[in-house]
Structure formats: structure tokens, C-alpha cells
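K.L.:
Test case, fold it:
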Amino acid sequence: MSAVITEEKINNLVKGKVIKAFGNLLYVQFDGNIQQGEVAMVAVDSLKLKAEVIEIAGNVAKIQVFEDTKGIKLHTSVEFTGDLLEAELGPGLLTSIVDGLQNPLEKVAEEAGLFLPRGIYVLPLDRKKHWDYMPVAKVGDQLTRGETLGTTPEGRFQHQIMVPFSLYGNYKITWVISPGSYNVDTIIAKAIDENGREHAFTMVQRWPIKSALLKGEKIKPTQMMDTGCRIIDTQFPLLKGGTFCTPGPFGAGKTVLQHHLSKYSSVDIVVVVACGERAGEVVEILREFPHLTDPHTGETLMARTVIICNTSSMPVAARESSIYMGVTIAEYYRQMGLDVLVLADSTSRWAQALREMSGRLEEIPGEEAFPAYLASRIAEFYERSGVIRLKNDKKGSMTIGGAVSPAGGNFEEPVTQATLAVVGAFLGLSRERSDSRRYPAINPLISWSKYINEVSKQLEKELEGWGAMVIEADEFLHLGYEIGKRMEVVGEEGISLDDMIVYLKAELYDFSYLQQNAFDKEDAYCPMKRQIALFALIIRIFNTNFAFKGHDEARKYFLELQNEIKNMNFLAFEGDEYRKTFARIEQIIESGEPK
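P.N.:
As a prediction, the model looks like this:
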């Protein structure tokens with residue numbers, strides 16, 4: 001749909017005036033009809049500050065301003081736009097870096113300097129750039145929302161230009177532009193609806209970010225999303241279209257883990273939402289991603305990435321919109337039959353923004369002063385994930401992973417608990433493991449995944465009995481931990497040799513398999529084929545009955561075996577050195593005694 005605001009619309013806009021201010025919450029008296037979620041513009045000097053209607057009581061609207069409210073006075077003029085807070089969708093979203101209101105940060109910096117001032121809003125999509133458009137729909141075709149009008153190449157993807165999702169009913173195509181190079185505002189097709197009204201379509205459409213963008217049948221996720229991280233893929237697997245969370249205290253490696261997932265996950269597109277994280281961490285992403293290579297395609301990582309920045313130094317109110325903006329962009333690409341991963345870092349900062357606004361609205365607080373509706377908001381966010389079957393029988397998926405930053409690493413706090421109630425996998429990060437330089441610092445004793453059975457069905461084809469093996473490995477970890485705690489009290493000689501062997505097997509599994517070296521080219525990313533071969537070897541060690549004369553001999557044997565496996569992880573998969581080391585490890589296991 002064309003983005004042009006008609007003169008008739010301008011004349012019909014509702015106007016109001018500020019009668020009360022409380023931080024970035026303004027009470028606005030208005031005359032006319034407005035709706036919740038509508039965008040309002042607050043006039044301050046020569047600027048217009050964007051705001052959103054969050055509550056209406058009679059002829060008074062409560063609006064939250066997304067900018068610094070300095071200079072707003074009694075009777076300051078406010079104009080309601082008639083539109084909800086929307087995302088602009090079209091070719092050119094990939095590689096973009098935008099804020100929570102979808103302002104392209106590079107263009108804003110070019111226009112206003114590096115210290116971004118308030119009140120500057122730039123269109124997200126480049127109006128000067130031309131795209132090679134190829135029409136698909138023909139004159140006479142009957143189309144509905146979400147069906148393809150034409151395509152244009154965007155990186156390695158064919159970006160589908162679709163009938164706007166905001167239009168319901170049937171549309172008969174009356175005119176189609178010829179193939180060529182056009183900008184996104186060019187009318188590429190015209191159609192009439194069931195009432196005979198004509199509609200003009202461009203490459204751009206808009207969608208309100210707080211509403212789920214969904215056209216198609218939602219189906220159960222079944223396909224594994226492999227990440228190249230052994231502890232995730234083996235012990236706590238993820239599904240395309242599923243949900244997961246990574247809670248952990250400060251310094252436990254949440255951001256590093258999200259970097260790994262954005263680089264190595266087997267998806268087409270990654271949307272990184274930095275909602276409230278420190279600016280330094282976001283700058284690191286912005287500096288690194290253009291120079292990193294996507295291991296799946298060989299292109300730069302930015303070619304498949306959209307970054308939404310709303311750091312802790314930016315307006316708090318925009319954190320909420322940044323979360324929904326990221327999900328809406330991901331849903332748009334899902335409608336093209338692509339697999340999308342959304343990484344939100346961190347949902348705790350978003351929840352804090354909700355708490356701040358709830359306090360200003362004088363709502364009855366829930367636990368730890370968070371709003372009583374916190375759990376339902378978190379559930380609504382994660383429920384937008386999933387797999388959809390499109391009309392052409394293609395499937396698109398959107399996986400959502402949220403980092404949670406509980407104060408003091410307390411997983412009992414409301415945001416973590418509300419998240420755990422709705423996600424399909426919990427990857428709990430531990431300060432103890434990160435301090436002991438175990439990467440990733442996911443604690444296998446507290447983490448879980450609801451997707452193990454579904455992934456096991458898939459991996460049974462590669463290695464028979466996979467599901468049972470994962471359960472066995474998990475049991476060894478828990479037994480080993482219990483024995484280790486006993487050893488801390490009674491010492492190594494105070495436990496039986498059999499218990500010592502169980503403990504050493506668990507330690508070998510943790511050290512040689514669950515841990516990886518992020519700085520090593522081979523070990524940073526472990527493909528499933530390599531994981532399967534290594535996991536089968538670990539299970540063989542678990543099932544071997546070793547005969548040792550004493551504790552020292554057992555420890556010496558397992559240390560050698562552990563080091564051999566660890567060194568093999570740094571060798572190129574299926575290379576000559578790898579094969580020789582693998583054969584040597586098998587000989588050590590067969591011998592049952594140190595060489």
C-alpha cells in the first residue's frame with residue numbers, strides 16, 4: 001500500500017493537549033475518536049516526539065513518549081496520527097541496523113551526527129535504491145493477503161512482494177508492471193476488491209507490531225535447529241519454530257552464547273534484538289558481524305542479519321517496541337517460507353521497562369513490583385513463534401530465544417519463572433561454570449528441553465538408540481556430580497573404586513564433549529555428523545567395564561583418554577590426523593589400561 005498521507009486524513013486527525021506529565025507518561029485531553037496503541041506526536045519547540053497511547057479514560061489519553069520529555073509543558077500540543085505503531089516491511093530489511101522504532105541508525109547518524117538527538121525519524125527502507133522486480137501475478141488473478149505479487153533478489157534470497165497482510169478479502173489483479181528496476185515506492189500492481197474499489201500495491205507494506213503477523217496453518221515444530229554447540233544439540237536440543245531461554249547472572253556468558261547461536265544456527269535469517277543491554281556489547285556485535293563469515297553460505301554474517309538496537313543508554317519506553325519490532329520483521333520473512341531465529345537480549349530489561357510504566361500508571365503491583373500482567377505479556381511474546389504451512393505447501397518457521405538477566409543469578413525471580421512456564425527449552429547459565437572457564441557455561445544439571453523426544457526421532461536414523469543414549473549421559477552427569485560432592489567431604493579414598501570410575505566418566509563427558517573451545521577453528525562449531533561420531537564414542541566409554549587396581553590408576557587412565565579426545569576435537573574432521581587419533585582412542589578403550 002502507498003505510504004502517502006492524504007490531505008483528507010491530515011484534516012481528520014484528532015488533536016489534544018497535555019494536562020499532566022509524569023516522567024515519560026503524559027495525560028492528554030483530546031476531542032474525537034482514538035484507539036489504544038495509536039501513535040501520537042508531541043510538539044516540543046520545532047520537534048515532534050513519537051508516543052503511543054497505552055490507556056484511554058473518557059476524553060483523557062495516557063501516552064508513553066519514546067524520547068526524552070524535556071521541554072514538554074502544560075497544554076503542549078499533541079496530534080494523534082490514526083495509525084498504530086507499525087513496522088515498515090519490504091526489501092532492504094536484511095543487513096539493516098535500526099532502533100526500537102525502526103529508525104535506521106546509520107542514516108540518522110549521517111543526518112544528525114553520532115550523538116543521536118531526539119525527534120528525528122527516518123524511513124527504514126531506502127527510497128533511492130532500485131530493485132530488480134519480476135512480477136509473478138498476472139492480470140485476472142484472484143489473490144488474498146500474503147500471496148505473491150512478484151519477487152526481487154535480496155542477497156541470496158528471493159524476496160517475495162506480497163499482497164499486504166492488512167487487506168482482507170479477495171483482490172482481482174487489473175494491472176501489473178513489466179519486469180524492471182524500481183524503487184520500493186513504485187506501484188507494481190493494481191487490483192479491485194469485492195466492492196469494486198481499486199487498490200495500488202508497492203513493494204512496501206506496514207503491519208502493527210503488537211499484533212501477530214500470521215497467514216497460514218500453524219503446525220507442530222518437528223525439525224531440529226542444530227547450532228554446532230554440543231551441549232545444546234545433544235543434551236538440550238532446539239526445534240525450528242520452538243522457544244528457549246538462556247537465564248544467567250552477569251558475566252556468565254549470555255551474550256557470547258547468543259553470538260554463537262546467531263553465527264552457527266541452521267536458519268536462513270537471524271534477527272538480533274538488543275533491548276536494554278549495555279551499549280558496549282551491542283557495539284561489539286556491530287563491529288564484528290560485518291567481518292564474520294557465515295559458515296553455512298560463506299557470505300558475510302550481516303547478509304542474513306537484522307539488528308535492532310535499543311541499548312540501556314537509549315529511551316526506556318522504546319525497549320518494549322524493539323522486542324515487538326524484531327518479532328514482526330521475523331514473522332514477515334517467515335511468511336516467505338524461510339527459517340528465522342529471533343534472539344532477544346535481554347527480556348529482563350524489557351520487563352523492567354514494563355514495571356516502570358506500570359508504576360507510573362499507578363497499577364496494583366505484582367511480585368517484586370512487576371505488573372500483574374507480566375506473565376501474560378511474556379507468554380504472548382513467545383507464542384508468536386512457531387512453524388506455519390503456507391498455501392504453496394512450503395513451511396516457514398520462527399524460533400525465539402530470550403536471554404534473561406535475573407538479579408544476582410536468582411532463577412526464582414518473576415521474569416525467569418514466567419519465561420520458564422512458556423518456553424520449550426531452558427539453558428541455564430552458571431557463574432560457577434563460567435568462573436572455572438567452562439564454555440559454554442550452560443549448567444547441565446539444571447537445564448532441560450521438551451524437544452528431546454522429537455529430535456531423537458530425527459537422529460535415530462543417524463545413530464540407533466540416540467534418545468536412550470542422551471538419557472544415559474544425563475544420568476552419568478548427575479551421578480558424577482553427587483559422587484564429586486561426597487568426595488569433597490570424605491576425600492578420594494573415602495569412596496569405592498566403582499564410584500570413582502563413574503565420577504571420572506562423567507568428568508570426561510563434561511570436559512571432552514560438553515565443553516568447546518570458542519577460539520579454535522575446528523572446535524568452535526561442531527556439525528551434527530561429527531557430534532554423532534563423538535557421542536557414540538562417549539557412550540562406548542560409559543558402557544565399558546574397566547578393571548583398575550586402584551584410584552590412582554583409574555585417574556591416570558581417564559586423564560590420558562580425556563586429553564586424547566580433547567586434542568581430537570581440534571583436528572579437521574575426517575582428516576588423516578583425526579582418523580589416526582580416533583583409532584588410537586579406540587585402542588585405549590579396548591585395552592582398558594593406560595599406555
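K.L.:
Show me where this protein dips below the pLDDT cut-off.
P.N.:
Applying pLDDT under 70 to the chain flags the ranges 1-11, 276-282, 311-314, 593-595.
K.L.:
How about the contacts made by the closest residue to Phe236 other than its chain neighbours?
P.N.:
Ranked by C-beta to C-beta, 6 or more residues apart in numbering and with sequence neighbours excluded, the top spatial neighbour of Phe236 is Ser449, at 4.0 Å. Bear in mind the C-beta positions are built from the backbone N, C-alpha and C, glycine included. For Ser449, the contact set (C-beta atoms under 8 Å, 6 or more residues apart in numbering) comprises 235-238, 244, 424-426.
K.L.:
Columns distance to Ile501, secondary structure and neighbour count on top of those, output as JSON lines?
P.N.:
Below are the contacts of Ser449 laid out as JSON lines (distance: C-beta to C-beta, whole Å; DSSP: H, G, I helix; E, B strand; the rest coil; neighbours: other C-beta atoms under 10 Å):
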{"residue": "Gln235", "distance to Ile501": "21", "secondary structure": "helix", "neighbour count": "21"}
{"residue": "Phe236", "distance to Ile501": "26", "secondary structure": "coil", "neighbour count": "24"}
{"residue": "Pro237", "distance to Ile501": "28", "secondary structure": "coil", "neighbour count": "26"}
{"residue": "Leu238", "distance to Ile501": "33", "secondary structure": "coil", "neighbour count": "28"}
{"residue": "Phe244", "distance to Ile501": "34", "secondary structure": "strand", "neighbour count": "27"}
{"residue": "Gly424", "distance to Ile501": "35", "secondary structure": "coil", "neighbour count": "22"}
{"residue": "Ala425", "distance to Ile501": "31", "secondary structure": "strand", "neighbour count": "21"}
{"residue": "Phe426", "distance to Ile501": "30", "secondary structure": "strand", "neighbour count": "21"}
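K.L.:
Which two among those residues are spaced furthest apart?
P.N.:
Gln235 and Gly424 (14.4 Å; C-beta to C-beta).
K.L.:
In three-state terms, label Asn517 for me.
P.N.:
When classified by DSSP: H, G, I helix; E, B strand; the rest coil, Asn517 comes out as coil.
K.L.:
That one and Cys526 touch, don't they?
P.N.:
No: when contacts are counted by C-beta atoms under 8 Å, Asn517 is not listed as touching Cys526 (10.5 Å).
K.L.:
what are the bridge partners for Ile219, then?
P.N.:
Here Ile219 sits in beta bridges with Val387, going by DSSP bridges.
K.L.:
residues near the closest residue to His296 other than its chain neighbours, how many?
P.N.:
Among residues not flanking His296 along the chain, Ser266 sits closest, at 6.9 Å (C-beta to C-beta, 6+ apart). By other C-beta atoms under 10 Å, 18 other residues sit near Ser266.
K.L.:
same deal with Tyr324?
P.N.:
By other C-beta under 10 Å, the residues close to Tyr324 number 24.
K.L.:
Let me know whether my guess that it is in a strand holds.
P.N.:
No: assigned with three-state DSSP, Tyr324 falls outside any strand and is helix.
K.L.:
Show me how far stretch 476-494 is from its chain's centre.
P.N.:
38 Å (C-alpha atoms, centre = their mean, to the nearest Å).
K.L.:
so where do the helices sit in the stretch 301-450 of the chain?
P.N.:
With DSSP state H, counting those that start in this stretch, the ranges of helices along the stretch 301-450 of the chain come out as 318-334, 347-360, 374-383, 414-420, 431-435.
K.L.:
ranking the ones you listed by burial, who's on top?
P.N.:
helix 318-334 (a mean of 27; mean count of other C-beta atoms under 10 Å).
K.L.:
can you give me how far that one is from the chain middle?
P.N.:
Relative to its parent chain, helix 318-334 has a centroid offset of 10 Å by C-alpha atoms, centre = their mean.
K.L.:
tell me what it is packed against?
P.N.:
For helix 318-334, the elements it packs on are strand 86-89, strand 97-99, strand 269-275, strand 305-310, strand 339-345, helix 347-360, helix 374-383, strand 395-404, judged by 3 or more C-beta pairs under 8 Å, 6 or more residues apart in numbering; DSSP states H and E.
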